[in-house]
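Engineer: Sequence isn't available, so here's the structure alone:
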């Protein structure tokens, strides 16, 4: 059974339109924050150390979001992140957002581990790859890992 990285966050005034509903571009900021926490807290590979010490980053290669229900000011959102696919230098993440079990959105995002100065992809470090595998929900064949 795979792990899921979970974080909760309260909807703040700065996330909302005048009606108190989350303005959809703010969800992308929340997704970025969840992914940043996943790398730092879930994988022990923070964007700061990755970028400042190694000159690497994880640019977004692809992202799609399916919105299900609106979120409102002061609600508590739960973000569950898992790894759908793990490649040599990329990973596809799935982020499910809900509020008290009511779905708010589902995101599929592919990140690339890249050397920023060289402008090309690089393999995930072995320790990061091992940690990321514990969050893997499906293999490329669609089977759950053993």
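Structural biologist: Good, I have the coordinates. Here the structure is a predicted model, which is why all the values come from computation and not from measurement.
Engineer: Where does the prediction get shaky in the protein?
Structural biologist: 1, 138-146 (pLDDT under 70).
Engineer: ok, 90 please
Structural biologist: For the chain, the stretches flagged by pLDDT under 90 are 1-2, 49-55, 116-119, 138-146.
Engineer: ok, the spatially most central residue of it to residue 83 distance?
Structural biologist: Geometric centre of the chain, nearest residue: residue 35, 3.4 Å, by CA atoms, centre = their mean. To residue 83, residue 35 is 11 Å away according to CB to CB, to the nearest Å. (C-beta placed from N, C-alpha, C; glycine too.)
Engineer: For residue 44, what is the enclosing helix or strand?
Structural biologist: Remark: residue 44 resides in no helix or strand, with elements defined by DSSP states H and E.
Engineer: Need the overlap of contacts for residue 35 and residue 83.
Structural biologist: residue 93 (CB atoms under 8 Å, 6 or more residues apart in numbering).
Engineer: quick revisit: could you find the closest non-adjacent residue to the residue nearest to the centre of the chain?
Structural biologist: residue 93 (6.6 Å; CB to CB, 6 or more residues apart in numbering).
Engineer: Which of the helices or strands spans residue 132?
Structural biologist: helix 126-133.
Engineer: follow-up on the earlier one: correct me if wrong: the residue nearest to the centre of the chain contacts residue 111.
Structural biologist: Yes: the pair formed by residue 35 and residue 111 meets the contact definition of CB atoms under 8 Å, at 7.3 Å.
Engineer: Now the common contact residues for those two.
Structural biologist: In contact with both residue 35 and residue 111: 58, 93, using CB under 8 Å, 6+ apart.
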